[in-house]
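Asker: give me a 3D structure for the following:
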Amino acid sequence: MAVTPGAPASSSPDARRVAVITGADSGIGRATAVRLAAAGMDVGITFHTDQEGAEATAEEVRGHGRRAAVARMDLTVLPGAADVIDRLAGELGRVDVLVNNAGTGTATPFLDLDLDTVRQVVDVDLVGPFLCGQRAARRMIDQGDGGRIVNVTSVHEHQPRVGAAPYCAAKGGLGLLTQVMALELAEHGITVNSVAPGEIATPMTGQEDADVRAAERPGIPLRRPGDAREVAAVIAFLAGRDAGYVTGASWSVDGGMLRMGPMAGSHLQDDSWRRP
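Answerer: This next block holds a predicted model:
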């Protein structure tokens, strides 16, 4: 199938592009939905439990003059949950961008983990994105004009964290899955990249709507957490037309956190890091 280099789906300037974003009821997902709507995309929004939050995101999207569709998705119910990708794509007419953002985690020591918890985290953070990526990619291939897939991982795609064994395993797996997808889908004009956030002020970190510049983080080179909109800006670049030659890469959005490995190790003053 011939695909114009660098031209993602709907290369006509008048064509509507459609993005589907999982877990877009708050945090990075909501910020991404609003950013992509501002860039001219219609947006499919999924949520797990917070329907009110998802509807609020949809209203923000519509405020930019774009269409929005909302659907519940439970990534612990597989493979059925991936049907939501097809449902939203059908309602909005197509899918040009998929952002696998929904995720969950634990703060449980390795020796205390039970199998059900491990399976839940791996399903939500790895198997779910795998299946959603398949659904979106098949539609993009049928459409015939390429597309974009962005998998939201974590700095723990690259580095471990005490108390987060299944989360780290899943995010590391999603990072390598991203690279395989990039290799296999390139011939169809579909780029696949991951975005690896560090500490971001979201509900998942208990900092929703916090002023990140008021927080002190001496162990992060930029000395603060990140704002969800800063992650959304990177996702929007990867989802846009200017990123046509970018695929198979992991984009850290972490204020320099990952660069601090040896520095952090030589500057810790106690054993508090050993506990989740």
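
Asker: any idea how far residue 25 is from residue 249?
Answerer: Relative to residue 25, residue 249 is positioned 28 Å away (C-beta to C-beta, to the nearest Å). From N, CA and C alone the C-beta is placed, and that goes for glycine too.

Asker: residue 175 too?
Answerer: 24 Å.

Asker: of those two, who's got more company?
Answerer: Between residue 175 and residue 25, counted using other C-beta atoms under 10 Å, the more crowded position is residue 25 (27 against 19).

Asker: hmm, residue 260 is touching residue 218, no?
Answerer: No - with contacts counted by C-beta atoms under 8 Å, residue 260 stays clear of residue 218, the gap being 10.3 Å.

Asker: who has more neighbours, these two?
Answerer: residue 260 (16 against 7).

Asker: where does that one sit: helix, strand or coil?
Answerer: Of the three states, residue 260 takes helix under DSSP: H, G, I helix; E, B strand; the rest coil.

Asker: for it, give its distance to residue 133.
Answerer: 31 Å.

Asker: then residue 116?
Answerer: Residue 116 is 25 Å from residue 133, by C-beta to C-beta.

Asker: neighbour-wise, which of those two wins?
Answerer: In terms of neighbours (other C-beta under 10 Å), residue 133 is the more surrounded of residue 116 and residue 133; the figures are 23 against 9.

Asker: low pLDDT regions in the stretch 1-150 of the chain?
Answerer: 1-15 (pLDDT under 70).

Asker: can you map out the strands along it?
Answerer: 17-21, 41-47, 68-72, 97-100, 147-152 (DSSP state E, counting those that start in this stretch).

Asker: put the alpha carbons of the second one into CSV.
Answerer: If I follow you right, that is strand 41-47. C-alpha atoms of strand 41-47 as CSV (Å, rounded to 0.1, in the frame of the first residue of the first chain):
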residue,chain,number,x,y,z
MET,A,41,-9.0,17.2,15.7
ASP,A,42,-12.3,15.6,16.8
VAL,A,43,-11.8,13.5,19.9
GLY,A,44,-13.0,10.1,21.2
ILE,A,45,-12.8,10.0,25.0
THR,A,46,-12.8,6.9,27.2
PHE,A,47,-13.2,6.7,31.0
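
Asker: that strand: partners in the sheet, and parallel or antiparallel?
Answerer: strand 17-21 (parallel), strand 68-72 (parallel) (DSSP bridges).

Asker: point out the most buried one among these.
Answerer: Highest mean neighbour count among those (mean count of other C-beta atoms under 10 Å): strand 17-21, with a mean of 29.

Asker: how far does that strand sit from its chain's centre?
Answerer: Computed by C-alpha atoms, centre = their mean, to the nearest Å, the chain-centroid distance of strand 17-21 equals 13 Å.

Asker: number of residues surrounding residue 156?
Answerer: A count of nearby residues for residue 156, using other C-beta under 10 Å, gives 21.

Asker: same check on the one 10 residues further on?
Answerer: Counted with other C-beta under 10 Å, the neighbours of residue 166 add up to 23.

Asker: from residue 181, how far off is it?
Answerer: Using C-beta to C-beta, residue 166 is found at 21 Å from residue 181.

Asker: quick one on the thing from earlier: just put the strands of the stretch 1-150 of the chain in CSV and tack on distance to residue 276.
Answerer: As requested, the strands of the stretch 1-150 of the chain are exported to CSV (distance: least, C-beta to C-beta, whole Å):
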stretch, distance to residue 276
strand 17-21, 29
strand 41-47, 27
strand 68-72, 30
strand 97-100, 25
strand 147-152, 22
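
Asker: brilliant, that's me finished.
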